[in-house]
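A.B. asks: Okay, predicted coordinates and the sequence, questions at the end:
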Amino acid sequence: MGLELKQSQRMSQELRMTPQLQQAIKLLQLSRLELADLIQTEMVENPMLEEFEDDRPVERSGADQMDDKPEPTTEQQDAEKAVEEIDWERYLENYSSPLPASTAGHNDDLPGVDQTLSTRLGLTDHLLEQLGVVDTSEDERHLAELIIGNLDEQGYLRNSTVEELAERNETSIDAVEDALALVQGFDPPGIAARDLRECLLLQAHALCPEDEVLRHVIEDHIPDLEKKNYAGIARALGVPREAILDAHRAIMTLDPRPGVQFNDDDATYIVPDIYIVFRDGEWVPTLNEDGLPRLRVSEYYRKALRNGAGKEAKSYVQERLRSAWWLIRSIQQRQRTILKVTESIIRFQRDFLDYGIEHLRPLVLREVADDIGMHESTISRVTTNKYVHTPRGIFELKFFFNSSIRKDGGEDLAAEAVKHHIKQVVSEEDPAKPLSDQKIVQLLKERHQIHIARRTVAKYREALGILSSSKRKRLI
């Protein structure tokens, strides 16, 4: 059978995402800091964009921030359909669609910057600072820097052995050991240990250098200590049981992860995207746009077009203008969506704002989506990596979406509210007789009419970082 070429036509329907829609979706799921970075990048790449300041006092919040924005001109609507047909001179003369005016800087109800930002010095920098003031040889300093660079996020030297470091740097094991001892003498105590035992020994030596019992317990009896076998340890060391209890008390004050407090990954900036403040008897959402550049089309290019431009220049400006216009409109849509979602959350979670976390109600994405007429996927994107500042604390918007836990004689509770009750119950227990998971189940039912399975209590307890009852038990 011979091969044959033919031409044919076929009609079909398919869903395609325009570049503009892709950009809007991308902006919607960015965090606030990521958005600020993207705006700065776009301003560098697109000369049609420029930042401007508006010093007029603003006292608006909530939907007012969006409702009085100028309607798109006929030229702006045409741009979406056929940019090349726009009267460019008129468009650039009249177009001014900046980001919504920030209210954060003009409202005394909103918290200061010091209440919403946090940062710490990283572990590497902290150790290098100490190394910089130590009188040591150049070779030892080089090895110490390598050791510091090989520490993990908890402050341990686990990624490389002393032998590997010596081989890679063509030096002796003793030289690396000396450099390691130097780093292990830095703050915080216990840093650069190779295992938990060494970490605790370093701290014990720094804090209690004369306590031989403590040193022996750490060196040889940690497993027995975990089992609360105080009598067996006392017999093995030939000391009174009280001495072992004293050693246990001392060990409980030590830090098994000394590097975590300096963890660079933990040193993040939390800047709220939106605030919820109580004003005139109502909870009102207020967009936080401090630090986000307010954009408009460059005045320079307005003048350039008014003075005439060649065909190539006009084509370039045409393309750049379309990109600038879509970016500004996408940012506006992002901010408008965050505001609408927050307004809906306020309606559903009013009791949380009024009375606290124990009154957080169950909520799913579909409820908010139906409330404001959006798709669930949009709600999911807009609540990820977006933070809200409330009088109850700073929370990711996803925090307000919780599964339901059954409660007698009232509305069901949110999972986060149940976790709060579990944490409260454990905090009130007798350390010598910690509550079992089953006992917590009973207390939740008796005190709060909450029905929950034992395995669910265990799951929530682990999520809260609460140890099992056997490990919480204290005899000292």
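C.D. replies: Arrived safely, thanks for sending. Residues are numbered from 1 along each chain as shown.
A.B. asks: Residue 301 and residue 52, how far apart?
C.D. replies: Per Cβ to Cβ, to the nearest Å, residue 301 is found 14 Å from residue 52. (Glycine included, C-beta is placed from N, CA and C.)
A.B. asks: tell me which element the closest residue to residue 148 other than its chain neighbours falls in.
C.D. replies: Among residues not flanking residue 148 along the chain, residue 127 sits closest, at 4.8 Å (Cβ to Cβ, 6 or more residues apart in numbering). Using DSSP states H and E, residue 127 maps to helix 123-132.
A.B. asks: Centre of the chain to the helix or strand just after that helix, how far?
C.D. replies: Next helix or strand after helix 123-132 toward the C-terminus (DSSP H and E): helix 138-149. For helix 138-149, the distance from its own C-alpha centre to the chain's C-alpha centre is 33 Å (Cα atoms, centre = their mean, to the nearest Å).
A.B. asks: before we move on, what about stretch 188-200?
C.D. replies: Offset of stretch 188-200 from its chain centre (Cα atoms, centre = their mean): 28 Å.
A.B. asks: Check stretch 201-220 too.
C.D. replies: Worked out by Cα atoms, centre = their mean, stretch 201-220 lies 38 Å from the chain centre.
A.B. asks: Buried residues in it, which are they?
C.D. replies: Within stretch 201-220, the residues that count as buried by 16 or more other Cβ atoms under 10 Å are 201-205, 208, 211, 213-218.
A.B. asks: Next: stretch 325-343.
C.D. replies: Using 16+ other Cβ under 10 Å as the test for burial, stretch 325-343 gives 325-332, 334-343.
A.B. asks: model confidence over stretch 134-143, on average?
C.D. replies: Averaging pLDDT along stretch 134-143 yields 89.
A.B. asks: Next, the buried residues of that stretch.
C.D. replies: Applying a neighbour-count criterion of 16+ other Cβ under 10 Å, one finds 140, 141, 143 buried in stretch 134-143.
A.B. asks: Next, format those as a markdown table and append distance to residue 31.
C.D. replies: Below are these laid out as a markdown table (distance: Cβ to Cβ, whole Å):
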| residue | distance to residue 31 |
| --- | --- |
| 140 | 42 |
| 141 | 39 |
| 143 | 39 |
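A.B. asks: Now flag whichever of those residues is closest to residue 165.
C.D. replies: residue 143 (7.2 Å; Cβ to Cβ).
A.B. asks: so the closest one makes contact with residue 179?
C.D. replies: Yes: applying Cβ atoms under 8 Å, one finds residue 143 in contact with residue 179, separated by 3.6 Å.
A.B. asks: Which residue is the nearest non-sequential neighbour of residue 154?
C.D. replies: residue 257 (4.3 Å).
A.B. asks: what about that neighbour, is that helix, strand or coil?
C.D. replies: Here residue 257 is coil, with the state taken from DSSP: H, G, I helix; E, B strand; the rest coil.
A.B. asks: Same check on residue 9?
C.D. replies: Under the three-state scheme (three-state DSSP), residue 9 adopts coil.
A.B. asks: what number of residues lie near it?
C.D. replies: Number of residues near residue 9 (other Cβ atoms under 10 Å) recorded here: 4.
A.B. asks: Also residue 366?
C.D. replies: Other residues close to residue 366 by other Cβ under 10 Å number 11.
A.B. asks: go on, residue 299?
C.D. replies: Applying other Cβ under 10 Å, we find 11 residues neighbouring residue 299.
A.B. asks: these two touch, right, it and residue 50?
C.D. replies: Yes: with contact defined as Cβ under 8 Å, residue 299 reaches residue 50; the gap is 7.1 Å.
A.B. asks: how close does residue 468 get to residue 237?
C.D. replies: 28 Å.
A.B. asks: More neighbours: which of these two?
C.D. replies: A direct count of neighbours by other Cβ under 10 Å for residue 468 and residue 237 places residue 237 higher, at 17 against 13.
A.B. asks: if I read this right, the more buried one contacts residue 213, doesn't it?
C.D. replies: Yes: counting by Cβ under 8 Å, residue 237 touches residue 213, with 6.5 Å between them.
A.B. asks: Look up the residues that both of these two are in contact with.
C.D. replies: Common contact partners of residue 237 and residue 213 (Cβ atoms under 8 Å, 6 or more residues apart in numbering): 243, 244.
A.B. asks: hang on, the earlier thing: I'd say the residue nearest to residue 154 and residue 155 touch.
C.D. replies: Yes: taking Cβ under 8 Å as the definition, residue 257 is a contact partner of residue 155 at 6.7 Å.
A.B. asks: Neighbour count for those two, which is higher?
C.D. replies: For residue 257 versus residue 155, the count of surrounding residues by other Cβ under 10 Å is larger for residue 155: 24 against 15.
A.B. asks: Let me see the contact set for that one.
C.D. replies: Each residue near residue 155 by Cβ under 8 Å, 6+ apart is listed here: 123, 188, 190, 191, 192, 193, 199, 257, 258, 259, 260, 262.
A.B. asks: so what pLDDT did it get?
C.D. replies: Residue-level pLDDT assigned to residue 155 equals 90.
A.B. asks: same question, residue 225
C.D. replies: pLDDT, residue 225: 82.
A.B. asks: Could you look up the SS state of it?
C.D. replies: helix.
A.B. asks: check contacts around it.
C.D. replies: Going by Cβ under 8 Å, 6+ apart, the list of residues near residue 225 reads 217, 233, 248, 251.
A.B. asks: isn't there a strand covering residue 235?
C.D. replies: No: counting by three-state DSSP, one finds residue 235 to be helix, located in no strand.
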